[in-house]
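>>> This is the structure alone, sequence omitted:
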């Protein structure tokens with residue numbers, strides 16, 4: 001599994017480095033996401049919400065919730081409770097302000113915590129989501145096992161993550177964009193130049209498609225499906241717990 005870290009000369013572990021990175025870029029994160037993805041990430045999140053809504057969950061956990069974009073969208077599922085979990089207090093602070101502006105405080109709770117050691121009981125949630133977060137886990141397998149633990153039997157787990165296009169010319173265009181254009185945008189607009197270099201590198205080496213499907217199955221998830229988005233630059237994965 002990838003050991004790519006944001007700050008290669010740091011003595012901190014990956015988890016601490018990721019926390020520091022997201023705390024630093026939290027103020028720029030939403031705006032840069034829209035620029036980098038040309039706003040298409042909004043469409044991808046809507047698809048995640050549609051898949052979750054089909055299962056009529058009463059409570060949902062959104063892991064690596066960041067500034068709460070997906071958690072806020074998940075309010076459209078009519079779940080009575082949504083919990084957003086993140087390791088970065090800086091990201092959560094911005095998310096809380098967004099939730100307050102939308103008057104969703106009674107429905108969405110933002111919790112500071114580690115996705116690989118969550119402060120929740122076994123079998124606690126009807127559905128769990130994570131958007132652009134699992135590649136930041138220090139140990140992917142440990143994070144997935146923890147997700148499996150807190151998901152209810154027959155519960156739904158949906159991942160949205162970057163992936164690599166396989167077909168020409170999308171593969172070549174994607175490689176050029178991620179290696180040349182995306183880091184340039186990060187250098188111009190972000191306080192932390194290393195952050196967007198890391199996000200590119202981590203995306204390029206993270207397992208996707210059938211490789212990630214197999215990891216999910218190995219963890220114990222069943223009914224594993226994947227849905228490539230926008231020529232394969234992102235993929236949605238849906239699975240459940242037996």
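Here it is on my side, so go on. It should be emphasised that the depicted structure is a prediction, and the values quoted were computed from it without experimental measurement.

>>> what's the lowest-mean-pLDDT helix or strand in the chain packed up against?
The least trusted helix or strand in the chain, going by mean pLDDT, DSSP states H and E, turns out to be helix 182-189, with a mean of 73. Counting contacts by 3 or more C-beta pairs under 8 Å, 6 or more residues apart in numbering; DSSP states H and E, helix 182-189 is packed against helix 14-37, helix 193-205. All C-beta spots, glycine's among them, are computed from the backbone N, C-alpha and C.

>>> Now do the buried residues in it.
182-183, 186 (16 or more other C-beta atoms under 10 Å).

>>> again, but for stretch 150-169
150-152, 155-165.

>>> cool, and stretch 52-69?
Using 16+ other C-beta under 10 Å as the test for burial, stretch 52-69 gives 52, 55, 57, 59-69.

>>> Quick check: the two most widely separated of the residues you listed?
55 and 67 (24.9 Å; C-beta to C-beta).

>>> For residue 142, find the nearest of the helices and strands packed on helix 182-189.
Among these, helix 14-37 sits nearest to residue 142 (C-beta to C-beta), with 10.7 Å.

>>> Quick one: work out the angle between that closest one and helix 182-189.
90 degrees (axes from the mean of the first three to the mean of the last three C-alpha atoms, to 10 degrees).

>>> Quick one: mean pLDDT over helix 14-37.
Per-residue pLDDT over helix 14-37 has a mean of 85.

>>> Return the residues in contact with residue 55.
Neighbouring residues of residue 55 by C-beta atoms under 8 Å, 6 or more residues apart in numbering: 126-127, 155-156.
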